[in-house]
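**Q** What follows is a predicted structure for the sequence shown.
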Amino acid sequence: MRLREWFRPPRHALILFLGVAVVCGVALGWLGWVLLEQDQAVEVTRRRERFEEAADRAVAVMQRSLADLEGRLSQPVTSGRLPAGVARVSAGENGIAAVPGLVYYPQAALMPEAAPETFADAERLEFTVSDLAGAARVYERLAAKADGPIRAGALTRLGRVERKLHDTAAAHRTYERLSQIPQAGVAGLPSSLIAREALATLFTEIDRPGALAREAAALHNDLRTGRWQLTKQQYEFYWAETVAWLGRPPQEDEDGRVIAEAFDRVWRSRTGGVSLARRLIPVERTTALVMWRQTGDRFDAIVASPHYLRTLCSEAFPATSLRWALADPEGRTVLGESPPARDAALRTADVTQLPWTLHVFDSGSPVGVSPRRKFLLWVFAVLAVVLSSGAYFILRAISREMRVARLQSDFVAAVSHEFRSPLSSLAQISEMLARDRFGSDEQRRKSYDVLVRETERLRRLVEGLLDFGRFEAGAAAYRFELLDANAFLRGIVNEFQERLAALGYSIELHAPEGEVRVRADREALARAIWNLLDNAVKYSPECRKVWVDVEHEASRISIAVCDRGLGIPANEQQEIFEKFVRGAESKALRIKGTGIGLAMVRHIVQAHGGEIRLASEPGQGSRFTMILREAGGTL
């Protein structure tokens, strides 16, 4: 059969066209399916790479943070500032020390106590002879001794006798005296704890609910903050008493209890010799991290609560679209969401040397169609429309029995040209996709967020230290100008007040009417006043008000910052303005500070030709007064 006869209308040409159209449609559909599958594979690969990169960054952050914490094991307990939710514990021949204090310990503190025979005569009068008044006189004489343990034992017994005599006022005073004796034990318990419990019991007996509530709240706060080194049984006993007195379960520091329990378990399972370990310790329904080093009889540990672990993971995963999970060696998820069985980046503890296995995966929310896939779908849709339209017109031409062969030939040539152009474009796009020329730098830009936050954490400390270094070296450049001291102080007080509003502190400013002129460096003087206000707030945990007084006498201007906080002993007042010097009370209470704030204030005031004065009594607060010369001229 000749070719001309094959193309005679209508049947052979129609079959030929339908065959070509089906082949082209199948080819187009297959090509589209291949391209979409390749695009999906690229998306899966990129998402996997994103998980892997995020997991590597997270592991680096976690390793660095845990290495920093582990480095604290070789330092003294009180050195450096610990992150929130972390406790540093050290145990040796002298007992157990912890910063911050644990709510309970594996063993109670060994506190000095008076020998029982010291009170033999008084106890004979109290119990054998039933001479309570005589026993009270003997106990009172013993309470006047300088020895703390003897005073503590005598006051405890004196309070008991006074309660038997129904002299509740005297018993109240006696227990208040007992609460002021530091570092003394009675019957294996701290004297201050016995005083608190005795006061609460006394208020219960004499039916003073208000005083009982205050004393029970104070006892609750002391237990919650780990004021005393108690065993778990002692802590739970006094906690139960607090609940009974308050009539409701008080707020408990869950992180503190988890830290104490985790250390207790590690302490009881320790072995002799030398060891260094990191381990997740399950506590009730949560988990704590413990890192410890044991050398002979010395045992040093860092205990991190779930709050710290969540904070660490938040720093390690700044991208909110990612999810994470920490699993213990048994494969149980201890923190985060349960990971999927597939499509997650995994970093095992054996590889990372971390005490957990890290899973990184997607949030599970529906993912939108990628721009490339949208583009391909649009291309295929256009091609389908073109193919359908072409088929329609070709079929229409064939239905007219292809009256003109030349028109048919031209039409086929035109259709071939129309197919060649989009297929060439598809080939070009396919090549670009295969060679990954549509890449994005978005993920690389996000990796710099961790550097920005660490830099911002240290910025304030570094700036303060650099400024102090310039003041010390005499290299600070002062730019003096005329200032209205009243307006200047109001601005600083308002700014400081705004920062402390959420903490419940208030600042009361007393200044004379009119302008009070002073020639000063605005930035340096502001830093000095800010440091005094910050110290007043920091060392006033009970009284949440600070006073700022401005006085104008003759040619001098005095600016005083007053508080009713801890106060400063007389023997420390001469040295408190030296660099790095901090009061013994602030160290004992573990109040944070660098010891350069007041030294910086002194440098600034002296540079202004003035002087700084201090008036303070322990327990009554402090008054820091800057005396500056009044400036002449007009503002």
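**A** Received, thanks.

**Q** Now tell me what touches stretch 560-575 from outside.
**A** 529, 532-533, 536-537, 539-543, 545-551, 576, 581, 583-586, 589, 614, 616-626 (Cβ atoms under 8 Å, 6 or more residues apart in numbering). Using the backbone N, CA and C atoms, a C-beta is placed for each residue, glycine as well.

**Q** and those residues, which are buried?
**A** Neighbour counting by 16 or more other Cβ atoms under 10 Å classes 529, 532-533, 536-537, 539-540, 546-550, 576, 583, 585-586, 616, 621-626 among the contacts of stretch 560-575 as buried.

**Q** So which of those sit within helices?
**A** Secondary structure from DSSP state H places 529, 532-533, 536-537, 585-586 of the buried ones among the contacts of stretch 560-575 in helices.

**Q** how about the residues you listed, which pair is most distant?
**A** 529 and 585 (23.5 Å; Cβ to Cβ).

**Q** ok so, going back, in a markdown table, list the ones in helices among the buried ones among the contacts of stretch 560-575 along with distance to residue 336.
**A** Formatted as a markdown table, those follow (distance: Cβ to Cβ, whole Å):
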| residue | distance to residue 336 |
| --- | --- |
| 529 | 46 |
| 532 | 45 |
| 533 | 41 |
| 536 | 42 |
| 537 | 37 |
| 585 | 42 |
| 586 | 39 |
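
**Q** Pick out whichever of those sits closest to residue 342.
**A** residue 537 (53.4 Å).

**Q** list the contacts for the closest one?
**A** 500, 503, 505, 546, 563.

**Q** tell me the domain ranges of the protein?
**A** As assigned by automatic domain parsing, the chain contains the domains 3-62+371-434, 124-216+228-239, 320-367, 458-629.

**Q** of all those domains, which lies closest to residue 68?
**A** It's domain 3-62+371-434; of the domains of the chain, that one is closest to residue 68 (Cβ to Cβ) at 10.8 Å.

**Q** could you give me the average pLDDT of the closest one?
**A** The pLDDT scores in domain 3-62+371-434 average 62.

**Q** and what of stretch 519-531?
**A** Rounded mean pLDDT across stretch 519-531 is 85.

**Q** Now find how far off-centre that stretch is within its chain.
**A** Relative to the centre of its chain, stretch 519-531 is centred 31 Å away, using Cα atoms, centre = their mean, to the nearest Å.

**Q** and that stretch, C-alpha only, in PDB?
**A** C-alpha atoms of stretch 519-531 as PDB (Å, rounded to 0.1, in the frame of the first residue of the first chain):
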ATOM      1  CA  ARG A 519      28.400  70.400  85.700                       C
ATOM      2  CA  ALA A 520      28.700  66.700  84.900                       C
ATOM      3  CA  ASP A 521      29.200  64.100  82.300                       C
ATOM      4  CA  ARG A 522      25.700  62.900  81.500                       C
ATOM      5  CA  GLU A 523      26.500  59.300  80.700                       C
ATOM      6  CA  ALA A 524      29.000  58.800  83.500                       C
ATOM      7  CA  LEU A 525      26.800  60.300  86.200                       C
ATOM      8  CA  ALA A 526      23.900  58.300  85.000                       C
ATOM      9  CA  ARG A 527      25.900  55.100  85.200                       C
ATOM     10  CA  ALA A 528      26.900  56.000  88.800                       C
ATOM     11  CA  ILE A 529      23.300  56.600  89.900                       C
ATOM     12  CA  TRP A 530      22.100  53.500  88.100                       C
ATOM     13  CA  ASN A 531      24.700  51.400  89.900                       C
END
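
**Q** Would you mark the buried spots in it?
**A** Buried residues in stretch 519-531 (16+ other Cβ under 10 Å): 519-521, 524-531.

**Q** what would the residues you listed look like in TSV with distance to residue 597?
**A** Converted to TSV, the buried residues of stretch 519-531 look like this (distance: Cβ to Cβ, whole Å):
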residue	distance to residue 597
519	24
520	19
521	18
524	14
525	15
526	14
527	9
528	9
529	11
530	9
531	4
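
**Q** can you tell me which of those lies nearest to residue 302?
**A** residue 531 (31.7 Å).

**Q** Find the nearest non-adjacent residue to the closest one, please.
**A** With sequence-adjacent residues excluded and distances taken as Cβ to Cβ, 6 or more residues apart in numbering, residue 531 is closest to residue 597, at 4.2 Å.

**Q** chain center to the helix or strand hosting residue 325, what's the gap?
**A** Take DSSP states H and E as the rule and residue 325 turns out to sit in strand 322-327. Between the centre of strand 322-327 and the centre of its chain there are 19 Å (Cα atoms, centre = their mean).

**Q** contacts for it?
**A** In this structure, residues lying in contact with strand 322-327 by Cβ under 8 Å, 6+ apart are 50-51, 54, 58, 280, 309, 313, 316-317, 333-339, 356-364.

**Q** again, 6 Å this time
**A** 54, 313, 317, 333-337, 339, 356-357, 359-361, 363 (Cβ atoms under 6 Å, 6 or more residues apart in numbering).

**Q** Buried only: go through those residues for me.
**A** So, by 16+ other Cβ under 10 Å, the buried ones in these are 54, 313, 317, 333-336, 339, 356-357, 359-361.

**Q** for the stretch 201-350 of the chain, what spans make up the helices?
**A** 209-224, 232-246, 254-268, 306-316, 349-352 (DSSP state H, counting those that start in this stretch).

**Q** Can you tell me which of these is most buried?
**A** helix 254-268 (a mean of 21; mean count of other Cβ atoms under 10 Å).

**Q** Using the three-state scheme, assign residue 567.
**A** What DSSP: H, G, I helix; E, B strand; the rest coil gives for residue 567 is coil.

**Q** What is the neighbour count of it?
**A** Other residues lying near residue 567 total 20 when counted by other Cβ atoms under 10 Å.
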